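Chemist: quick one, what's the 3D model for this:
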Amino acid sequence: MPRPAPLAPRKAPQQARSQRTVEALLEAAAQVLEARGIAGFNTNAVAERAGVGIGSLYQYFPSKEALTLGLMQREAERFHAEARAALQHADGTAALRALIAASVAQQLRRPELARLLDVEESRPELRAAVVKGAFRAVVAELLGRADLPRQPDPERAVDDVGAIVRGLVDGAGERGESDEPALRRRVEAAVFGYLRLAAAGPESESDKR
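Modeler: So this is what the prediction gives:
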C-alpha cells in the first residue's frame, strides 16, 4: 500500500525572503490551478510558474497535497480576516450584511480557484487537515447582537445560517455566476428571512386556519 503524501510543511519560513518565496509558490499554485485545472496541477508546473527550482519548492512543501493544503489555508485565512472585520460593526444587521458580502466576494473574486479548492477539500485526507470553526464563531457572535431577531435555538440558528450562506454561495460558484450584488441580495434575503421566521416560532392555531 502506498504511503499517504505528507501534508505538513517541511519547514516554516522565518526570514522575509523565505516568506516571499512561500507566498510566490502559493500564488503560483493558485494560477496553475486556475489555468490548468486539477489534472494539470503539479509541483513542477508550480515551481516553473514561481520561477524557483523544484528543490526550493520541496524545502517548504513536501508534496502536491501539502501545496494544495497550504493554498487552502491561505485562502481561508484571507477570508476569515474579512469575516472578522464584520465584527467591527456594532449594529448586528450591518455586521451580518458585511459577513455575507465577504462570503460572496471570496467566492466570486477568483471563482475558478474557489470552485476547484472546494473540489479538492472533498478529498478525505485534505478535508481532515483543514481547520474549521472560525466562520461559525463569527456567525455565533453576530447572531447574539441585540438588534437581530432572538433565536429560540441559537446553536441551530448558527449552523443553519452557515449552511444557507455556504449553499447559496457555493452553488453560485458552481454555476459560474459573476453578478456579485445580485448574489448578495439573494443571500441576504434568505438569511434575514430565516432569522425572522425562526424567531417567530411555530404558527399559531389561528394562523393555521
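
Chemist: so residue 202, which state does it fall into?
Modeler: Recorded secondary structure, residue 202: coil (DSSP: H, G, I helix; E, B strand; the rest coil).

Chemist: 14 is where my numbering starts, stick with that
Modeler: All right, first residue 14 from here; so that's residue 215.

Chemist: and residue 45, what does it touch?
Modeler: 53, 54, 55, 58, 59, 62 (Cβ atoms under 8 Å, 6 or more residues apart in numbering). Heads up, the C-betas are built off the backbone N, CA and C, glycines and all.

Chemist: who wins on neighbours among these?
Modeler: Highest neighbour count within the contacts of residue 45: residue 59, with 26 neighbours (other Cβ atoms under 10 Å).

Chemist: give the next helix or strand downstream of the one helix or strand it maps to.
Modeler: Using DSSP states H and E, residue 59 sits within helix 56-63. Where DSSP H and E defines the elements, the next helix or strand beyond helix 56-63 is helix 67-73.

Chemist: confidence score at the residue nearest the centre of the chain?
Modeler: Residue closest to the mean C-alpha point of the chain, counted by Cα atoms, centre = their mean, is residue 89 at 5.0 Å. Per-residue pLDDT puts residue 89 at 88.

Chemist: and for residue 99?
Modeler: pLDDT, residue 99: 92.

Chemist: can you tell me which residues contact it?
Modeler: Contact partners of residue 99, counting by Cβ under 8 Å, 6+ apart, are 108, 109, 111, 112, 115, 151, 155.

Chemist: between these, which is nearest residue 102?
Modeler: residue 108 (3.8 Å; Cβ to Cβ).

Chemist: the contacts of residue 99, buried ones only, as a ChimeraX selection?
Modeler: Remark: buried members of the contacts of residue 99, expressed as a ChimeraX selection using 16 or more other Cβ atoms under 10 Å:
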select :108,109,111,112,115,151,155
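
Chemist: and the contacts of residue 99, which of them are in helices?
Modeler: 108, 109, 111, 112, 115, 151, 155 (DSSP state H).

Chemist: in the chain, what residue spans correspond to strands?
Modeler: When secondary structure is read from DSSP state E, the chain shows no strands.

Chemist: what about the helices in it?
Modeler: Remark: helices assigned in the chain by DSSP H are 29-49, 56-63, 67-73, 77-98, 105-122, 124-134, 137-140, 147-156, 167-187, 193-213, 218-221.

Chemist: so which of those is the most surrounded?
Modeler: When those are scored by mean count of other Cβ atoms under 10 Å, the highest mean neighbour count falls to helix 105-122 (a mean of 20).

Chemist: just the CA coordinates for that one, please, in PDB.
Modeler: Provided in PDB are the C-alpha atoms of helix 105-122 (Å, rounded to 0.1, in the frame of the first residue of the first chain):
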ATOM      1  CA  GLY A 105     -25.900  43.400  14.000                       C
ATOM      2  CA  THR A 106     -27.700  43.900  10.800                       C
ATOM      3  CA  ALA A 107     -24.800  45.800   9.200                       C
ATOM      4  CA  ALA A 108     -22.300  43.200  10.600                       C
ATOM      5  CA  LEU A 109     -24.300  40.300   9.100                       C
ATOM      6  CA  ARG A 110     -24.500  42.000   5.700                       C
ATOM      7  CA  ALA A 111     -20.700  42.600   5.800                       C
ATOM      8  CA  LEU A 112     -20.200  38.900   6.600                       C
ATOM      9  CA  ILE A 113     -22.400  37.900   3.700                       C
ATOM     10  CA  ALA A 114     -20.600  40.400   1.400                       C
ATOM     11  CA  ALA A 115     -17.200  38.900   2.400                       C
ATOM     12  CA  SER A 116     -18.500  35.400   1.700                       C
ATOM     13  CA  VAL A 117     -19.800  36.400  -1.800                       C
ATOM     14  CA  ALA A 118     -16.600  38.300  -2.600                       C
ATOM     15  CA  GLN A 119     -14.400  35.300  -1.600                       C
ATOM     16  CA  GLN A 120     -16.300  33.000  -4.000                       C
ATOM     17  CA  LEU A 121     -16.600  35.400  -7.000                       C
ATOM     18  CA  ARG A 122     -13.200  37.200  -6.700                       C
END
